[in-house]
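Participant: pasting the structure only:
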């Protein structure tokens, strides 16, 4: 299992979160997606390391920008 954290810009509400969640769930290998508009964060867990570019592309498809954070990043 692998978890990656992302900084997402442009989200402002629950609809934004749902859009990102729905698109990221289409990425092969994704198990769980946790999104927070107020914090501007996204946490993605999968069976193995996911292609970060695929996750970033899915976030862009939802209308937002994402940037992977270092592996040791933790959200409060």
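Facilitator: Received it, and whenever you're ready, just let me know what you need. Everything quoted here is computed from the prediction, not taken from an experiment.
Participant: For the rest of this, base every contact and every neighbour count on C-alpha atoms.
Facilitator: Fine.
Participant: For the closest residue to residue 14 other than its chain neighbours, list the residues it contacts.
Facilitator: Leaving aside its sequence neighbours, residue 14 sits nearest to residue 37 (C-alpha to C-alpha, 6 or more residues apart in numbering; 7.0 Å). Taking C-alpha atoms under 8 Å, 6 or more residues apart in numbering, we find residue 37 in contact with 11-14, 16-17.
Participant: same check, this time on residue 71
Facilitator: Listed by C-alpha under 8 Å, 6+ apart, the contact set of residue 71 reads 4-5.
Participant: For residue 56, see how far away it is.
Facilitator: 16 Å (C-alpha to C-alpha, to the nearest Å).
Participant: Same question for residue 14.
Facilitator: Distance from residue 14 to residue 56, by C-alpha to C-alpha: 19 Å.
Participant: where in this structure is pLDDT low?
Facilitator: 72-76 (pLDDT under 70).
Participant: now the strands for it?
Facilitator: Assigned by DSSP state E, the strands in the chain fall at 2-9, 30-36, 41-46, 65-68.
Participant: of those strands, which approaches residue 23 most closely?
Facilitator: Among those, the nearest to residue 23 by C-alpha to C-alpha is strand 30-36 (9.9 Å).
Participant: and that closest one, what does it pack onto?
Facilitator: Using 3 or more C-alpha pairs under 8 Å, 6 or more residues apart in numbering; DSSP states H and E, the elements in contact with strand 30-36 are helix 14-24, strand 41-46.
Participant: Centroid-nearest residue for this protein?
Facilitator: Among the residues of the chain, the one closest to the centroid is residue 42, at 3.8 Å (C-alpha atoms, centre = their mean).
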